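Chemist: Quick one: sequence and predicted model below, then my questions.
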Amino acid sequence: MSLAEAIGEDVPAIMLAMGRKARAAAAKLATATAERKHAALIGAAEAVSRHRADILLANQRDMEAAKSKGISKAFLDRLQLTDARLEDIVSALRTIAELRDPVGAIIAEWDRPNGLHIERVRTPLGVIGVIYESRPNVTADAGALCLKSGNAVILRGGSDSVHSSQALVSCLREGLRSAGLPEDGVQLVPTTDRAAVGEMLRGLGGSIDVIVPRGGKTLVARVQEEARVPVFAHLEGLVHVYIDRSADLDKAVKVTLNAKMRRTGICGAAETLLVHKDVVDTHLAPILDSLRAKGCEVRGDAAVLRNSPGTVLATEQDWRTEYEDAIISVKIVDSLEEAIAHIEHYSSHHTEAIIAEDPVAVEKFFNEIDSAILMHNASTQFADGGEFGFGGEIGIATGKMHARGPVGVEQLTSFKYRVRGDGQTRP
């Protein structure tokens, strides 16, 4: 019997109890040694490997339920776990384990004329609430990153991935237990009732310090509107690739194809392609042909239609859409300035890329585009905490306060000041 069933789906009581347990666990995790946190993460990785068959069986239950609802292919791709993806989770857990422990690290230190020595030192945030949709790997990444940074975490995954998330959280808790750390450092909300989200947004009686939402517009909008605690917003990935007049053709084709089609359902997948008018005759057809050869539908403006038969005329809504599917919108622009203006108007400020050999164009793009991640001659699908060397990520923060870009262990810490004196008093 689940906790939710045992107490009759009394959601406020469930959540308040979870908050209290998390707060107690956070106090112990904040002072846990680097060695114990390392042991817990290695133990979790070994548990995932040991329970591989059970995790895949749990995921199969989620997949079958999702298919019966007629869920899209992109959604199913995000939900599915395979042997290879489980191995990636194990690898991520081990990588996070080996990261330098951020807690207690001195960010800066200086001496004052009066002899005071001041240090700015990293400290855990406390209890982090993560609300996300149906991507099981987020369960493992979020739990591991919070543990490494000395935080407790309350996870509320999508109802479609409930069995997968339960299986992975069991492994994380097994790792904590084996290292002598409190299992309640990682908790999964045991009910799919949406009221649980509301309770988290109200802060669980002061237990939650930060909320991290990871999902679509509807989820993030609700969190930002209702949250009574600070939020690290992870907005949609309305990602752009701009082909400059100086772009190398081979790079333009290879990078655009990967940015769009490697995995169409992730937030770093390209959704809009902008092509400078000076390279339409040389670059447009090879790029679009490579996309269509992989099954991508092309929606373009009038200029694209004139140059590429078979293109669907794009609407205003296309420039605002995160497809999460094998569809891309394409626009011909007269200049780099027009490309920048288009991106600034429509972007969700997640990730943008420029394909160019002109360093002046690249610097202008980097300086004037206000997105969390900017790429030059590289696929936007590198917009990922693991690829940045963070071991994993809770999400890509698109706001400007505290955390921006991939949220890893350092972004899950704050700081405090340590001031050392020798009897000084203030006149």
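Modeler: That came through, no problem. All of these numbers come straight from a predicted model, not from anything done at the bench. Residues are numbered from 1 along each chain as shown.
Chemist: wait, residue 273 sits on residue 243?
Modeler: Yes - taking contact to mean Cβ atoms under 8 Å, the distance of 7.1 Å between residue 273 and residue 243 places them in contact. In this view, the C-beta of every residue, glycine as well, is placed from N, C-alpha and C.
Chemist: what's the burial count for residue 114?
Modeler: As a burial measure, the neighbour count of residue 114 was computed by other Cβ atoms under 10 Å and equals 10.
Chemist: Residue 148 too?
Modeler: Residue crowding around residue 148 was assessed by other Cβ under 10 Å; the count is 28.
Chemist: Please apply the same query to residue 115.
Modeler: Using other Cβ under 10 Å as the criterion, residue 115 is surrounded by 11 other residues.
Chemist: Next: the one 10 residues further on.
Modeler: Number of residues near residue 125 (other Cβ under 10 Å) recorded here: 22.
Chemist: List the contacts of it.
Modeler: When contacts are counted by Cβ atoms under 8 Å, 6 or more residues apart in numbering, residue 125 is found next to 149, 151, 209-210, 412-414.
Chemist: what domains does the record give for this protein?
Modeler: 3-234+407-419, 239-382 (automatic domain parsing).
Chemist: looking at the ones you listed, which one has the lowest mean pLDDT?
Modeler: Ranked by mean pLDDT, these bottom out at domain 3-234+407-419, with a mean of 92.
Chemist: that older thread, for residue 399, which of the domains of the chain is the nearest?
Modeler: domain 3-234+407-419 (4.6 Å; Cβ to Cβ).
Chemist: The closest one: how far from the chain's middle?
Modeler: 12 Å (Cα atoms, centre = their mean, to the nearest Å).
Chemist: just stretch 293-308 next, same as before
Modeler: 30 Å.
Chemist: from now on call the first residue 14
Modeler: With 14 as the first residue, the last one maps to stretch 306-321.
Chemist: what does that stretch contact?
Modeler: Stretch 306-321 is contacted by residues 270, 273-274, 290, 293, 297-298, 301, 304-305, 323-328, 331, 339-345 when judged by Cβ under 8 Å, 6+ apart.
Chemist: Restricted to buried residues, select those residues in PyMOL.
Modeler: To isolate the buried ones among these in PyMOL, judged by 16 or more other Cβ atoms under 10 Å, type:
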select buried, resi 270+273+274+293+297+301+304+324+327+331+339+340+341+342+343+344+345
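Chemist: Go through the contacts of stretch 306-321 and flag which are in helices.
Modeler: Using DSSP state H, the subset of these located in helices is 270, 273-274, 298, 301, 304-305.
Chemist: farthest pair in these?
Modeler: With Cβ to Cβ as the measure, no two of those lie farther apart than 274 and 298, at 17.2 Å.
Chemist: Spell out which residues sit in contact with the spatially closest residue to residue 222 that is not a sequence neighbour, please.
Modeler: Nearest in space to residue 222, with sequence neighbours left out and distances taken as Cβ to Cβ, 6 or more residues apart in numbering, is residue 139 at 3.8 Å. Residue 139 makes contacts with 36, 39, 43, 164-165, 222-223, as judged by Cβ under 8 Å, 6+ apart.
Chemist: Can I get these in CSV including distance to residue 150?
Modeler: Converted to CSV, those look like this (distance: Cβ to Cβ, whole Å):
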residue, distance to residue 150
36, 27
39, 24
43, 26
164, 19
165, 20
222, 24
223, 21
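Chemist: could those be laid out in TSV, adding neighbour count, secondary structure and distance to residue 105?
Modeler: Supplementary listing: the contacts of residue 139 in TSV, determined by neighbours: other Cβ atoms under 10 Å; DSSP: H, G, I helix; E, B strand; the rest coil; distance: Cβ to Cβ, whole Å:
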residue	neighbour count	secondary structure	distance to residue 105
36	19	helix	27
39	24	helix	23
43	17	coil	23
164	26	coil	17
165	32	strand	20
222	20	coil	24
223	20	strand	21
